[in-house]
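S.K.: What follows is a predicted protein model with its sequence.
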Amino acid sequence: MSALTQDAGPDVHHLIRQLQAREAELALIHRIAGVGGVEVDLRDGFRNRRSPEYLMIHGLPPTAANETHEDWVARIHPEDRIRVEGQFLDSLAGTASDYSAEYRIIRPSDGRTRWVRVAAQIDRDTDGRPIRLIGAHFDVTDEKLAEQALRESEGRFRTIANSAPIPMWVTKLDGDRSFVNQAYTEF
């Protein structure tokens, strides 16, 4: 405890305990929701701070809380790396305050590929230079796998429907047709 809090009255100690309890609750919510926090000080290069939840999502040890920009880039999936780093650097060079991205990473802890969605804010000085980025990383791997399974299922449906000798179609509730098979088109 600092000298300031040692001399403080019971009200200050109670407020400190409430703040600590709230921070612990917020950290639990982040773990449950799969949200990791990141802060990048941009005033002199890229000085990073990562939350424990961010480290879990990215498969990093607690010692990586202050990883380098290069460490982050190296973890991005090779097929996404150039696009993602370029998008990030372009956002910093621009004037917008919002930054978002979606990409794959390869976790060092287990070698698994995971999908990450980023939502962040870029704080700028009065001249428009970026000074800080603060944001959240979400593990959206399950969502991406479900989208892939749906695309594959739709592909199988189209293949089967198009090989059927009878006309088939799908009509939406508004009356528009969203699919017709080859036999329908030929009919």
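M.R.: All right, it came through fine.

S.K.: in the helix or strand where Q121 lies, what counts as buried?
M.R.: Remark: Q121 resides in strand 113-124, with elements defined by DSSP states H and E. Across strand 113-124, burial judged by 16 or more other C-beta atoms under 10 Å covers R114, W115, V116, R117, V118, A120, I122, R124. Every C-beta, even on glycine, is put in place using the N, C-alpha and C of the backbone.

S.K.: wait, M168 sits on R177?
M.R.: No - the criterion here is C-beta atoms under 8 Å, and M168 misses it with R177 at 10.7 Å.

S.K.: out of the two, which sits in the busier spot?
M.R.: Shown here are M168 and R177; by other C-beta atoms under 10 Å, M168 has more neighbours (15 against 10).

S.K.: residues in contact with the more buried one?
M.R.: A161, F179, V180, N181, A183, Y184 (C-beta atoms under 8 Å, 6 or more residues apart in numbering).

S.K.: For these, which single residue is the most surrounded?
M.R.: Neighbour-wise, these (other C-beta under 10 Å) top out at N181, 21 neighbours.

S.K.: quick one: L89 from E102, how far?
M.R.: Counting by C-beta to C-beta, to the nearest Å, the separation of L89 from E102 is 17 Å.

S.K.: Between those two, point out the one with more neighbours.
M.R.: For L89 versus E102, neighbours defined as other C-beta under 10 Å are more numerous around E102 (15 against 11).
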